[in-house]
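**Student:** 3D model of this:
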Amino acid sequence: MCFSTEASFGAGILLSIIGVASIKKVRHPSQLPFASIPLIFAVQQISEGFLWLALSHPDRAFLQWPMTYAFLFFAQIVWPFWVPYSILRLEKDQKRKKIESVFTILGAIVSLYLAYCLITYNVEAKILGLHISYQQDYPANLSRYGGVLYIMATILPPFFSSVKRMWSLGTAVLVSYIMTTIFYEDYIVSVWCFFASVISIAVLSILSKLKKTYVRSMQFSAG
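**Tutor:** Numbers count the residues shown, from 1 in each chain. Predicted coordinates:
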C-alpha cells in the first residue's frame, strides 16, 4: 500500500489472511508457489510500512536503507520471475507449458538485470505527497527495455494459461498497471502494489477452483 503507514500495515495483515487461506487450498506441491503470492505481497507491504515509519520518524531512520531495499527486492527481483514460474508449475498442457517456460526464462533475465542494478546504482526512497517515490539511478536506455520485458513477464503469462479463472489474475494485473500508469505515473513502483489485495483475491479464487477440480478427480479415481 502506498498512502500511509497504517494503510501499508493494514494491507499486510489482510494479505496475510488471504495468504493463509490460499496455502490451505493447496492440494499438490506444484500449487505452492502460486499459493504463496499473497504472503509474499504481505511481506512486501509490511516492509513498506516500516519504510513509512523510517521516512516520517527521524528516530527510526536506521530502517530506511534495509526497508527500501527489501521492498525493491520483492518489487523488482522476485515478481518478474515468481509470477511466470508459479503459473508454469500449474500448467498441464504441454504446448502452453513451453510458452510459460519462455516467460519464466524472460522473467529470470529481468530479475537478474534488476538485481545487478539494485546492487550497483544508487537508490533512494522519499515521501512525496501521499506516496513513496523510489528514485533509482538505473541506466535510462536499458531501463526502457527492462520495463517492457518486466511487463511481459508479469502480465502476459496468465493469459496463456489453460488454468480456469487464470484470466482474472491477468486482467487484475493489467487493469492495475493501466490505472497506475494513468493516475500515478511518478509512483508506479509503490502504487502498483496498492492492487496487491485484488490480485491476491484472484489467486485465492483460482486455487479454490483447482481444489474442487482436484477433489472431483480423486473421487472419480476412487470410484
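
**Student:** so what's Tyr184 closest to, chain neighbours aside?
**Tutor:** Val191 (4.0 Å; C-beta to C-beta, 6 or more residues apart in numbering). Where C-beta positions appear, they are placed from N, C-alpha and C, glycine not excepted.

**Student:** helix/strand/coil for the one you found?
**Tutor:** Three-state call for Val191 (DSSP: H, G, I helix; E, B strand; the rest coil): helix.

**Student:** now do the contacts for the residue nearest the centre of the chain.
**Tutor:** Geometric centre of the chain, nearest residue: Trp79, 4.7 Å, by C-alpha atoms, centre = their mean. Contacts for Trp79 (C-beta atoms under 8 Å, 6 or more residues apart in numbering) come out as Thr154.

**Student:** is it true that it lies in a helix?
**Tutor:** Yes: looking at Trp79 with three-state DSSP, it is inside a helix.

**Student:** distance check, it against Thr154.
**Tutor:** 6 Å (C-beta to C-beta, to the nearest Å).

**Student:** cool, and Ser197?
**Tutor:** Taking C-beta to C-beta, one finds Ser197 at 17 Å from Thr154.

**Student:** quick one: the strands in this protein?
**Tutor:** Using DSSP state E, the strands found in the chain span residues 123-128, 131-136.

**Student:** ranking those strands by mean neighbour count, which comes first?
**Tutor:** Per residue and on average, the most neighbours among the strands of the chain fall to strand 131-136, with a mean of 18 (mean count of other C-beta atoms under 10 Å).

**Student:** listing partners with orientation, what would you give for that strand?
**Tutor:** Strands that pair with strand 131-136, judged by DSSP bridges, come out as strand 123-128 (antiparallel).

**Student:** let's see the partner strand as CSV, backbone CA atoms only.
**Tutor:** Taking Å, rounded to 0.1, in the frame of the first residue of the first chain, the C-alpha atoms of strand 123-128 are listed here in CSV:
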residue,chain,number,x,y,z
VAL,A,123,18.5,4.0,-4.8
GLU,A,124,16.6,6.4,-2.5
ALA,A,125,13.1,6.4,-1.2
LYS,A,126,11.3,9.7,-0.4
ILE,A,127,7.8,10.7,0.7
LEU,A,128,6.3,13.0,-2.0
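
**Student:** quick one, helices of this protein?
**Tutor:** Per DSSP state H, the chain carries helices over the ranges 5-24, 32-35, 37-56, 64-72, 79-90, 94-120, 140-155, 166-183, 188-191, 196-222.
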